[in-house]
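Undergrad: Predicted model and sequence follow; I will ask about them next.
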Amino acid sequence: GAGVSQSPRYKVAKRGQDVALRCDPISGHVSLFWYQQALGQGPEFLTYFQNEAQLDKSGLPSDRFFAERPEGSVSTLKIQRTQQEDSAVYLCASSLALTGPIETQYFGPGTRLLVL
Amino acid sequence: ILNVEQSPQSLHVQEGDSTNFTCSFPSSNFYALHWYRWETAKSPEALFVMTLNGDEKKKGRISATLNTKEGYSYLYIKGSQPEDSATYLCAFRAGNNRKLIWGLGTSLAVNP
């Protein structure tokens, strides 16, 4: 079956440009997560949605980062006025949001963003 | 600040060798421990979700154990194959928080 897809896979932006990264979750998955992985680091949580509701955005590094999921399916992570420190792989994951600890997040391949 | 550590950072083994690596996590407020395998240019692949102290999980040649009281998990690969070459990441869930807190990963290279 189709997994989580992300687009674009690679993005080069000039410093100061706005970028939009898209995530298509697995059909029927209620929860959607965004993570950022800088070079040499582990992934770091950014935000997550339950359907269209953004329940936790504590990991967004600044107000230049904005995520939305207006219809509870596709999500977009937008970064305004990109800076060099935004260069990273942005991972999206989705899950069925089963109650309890047995919840697996299924990941897309990531979008590699390079800000010059 | 919750900290998840993995060791070693990288490992090179010969085909057929068995190997293991460690994930250390906070022993308080434990909820779940995840293992993922991530090959270059692919999506991270879920291997195990572990929740109970003493849990052991197995998938083919890969197995994992969990000790929540002392805060560590081991991942074992028996008879490594070149296709096992990947980065192995562990991620910790605290309390009933939905977000995963990740280690830096162990990069495994298996030489034919």
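TA: Thanks, I have it. Residues are numbered from 1 along each chain as shown, chains lettered A, B, ... in the order given.

Undergrad: Show me the shaky parts of the chain.
TA: Since no chain was named, I'll use chain A. Counting by pLDDT under 70, chain A shows low-confidence ranges at A:1, A:98-99.

Undergrad: To clarify, I was referring to chain B.
TA: In chain B (pLDDT under 70), the answer is B:1.

Undergrad: Around chain A, which positions in it sit nearby?
TA: Taking Cβ under 8 Å from any Cβ of the partner chain as the measure of proximity, chain B contacts chain A at B:4, B:31-32, B:34, B:36, B:41-46, B:49, B:51, B:89, B:91, B:93, B:98-105. All C-beta atoms are positioned from the backbone trio N, CA, C, and that covers glycine.

Undergrad: of these, buried ones?
TA: B:4, B:31-32, B:34, B:36, B:43-44, B:46, B:49, B:89, B:91, B:93, B:98-105 (16 or more other Cβ atoms under 10 Å in any protein chain shown).

Undergrad: Can you list which of these are found in strands?
TA: B:31, B:32, B:34, B:36, B:46, B:49, B:89, B:91, B:93, B:101, B:102 (DSSP state E).

Undergrad: Identify, from those residues, the entry nearest to residue A:74.
TA: Relative to residue A:74, the closest of these is residue B:46; by Cβ to Cβ it sits at 21.9 Å.

Undergrad: Could you check how far the nearest residue to the closest one once chain neighbours are set aside is from residue B:6?
TA: Nearest non-adjacent residue to residue B:46, counting by Cβ to Cβ, 6 or more residues apart in numbering or on different chains: residue A:104, 4.8 Å away. Per Cβ to Cβ, to the nearest Å, residue A:104 is found 19 Å from residue B:6.

Undergrad: Between the two, point out the one with more neighbours.
TA: residue B:6 (23 against 17; other Cβ atoms under 10 Å in any protein chain shown).

Undergrad: what's across from the more buried one in the sheet?
TA: Beta bridges link residue B:6 to residue B:23 when assigned by DSSP bridges.
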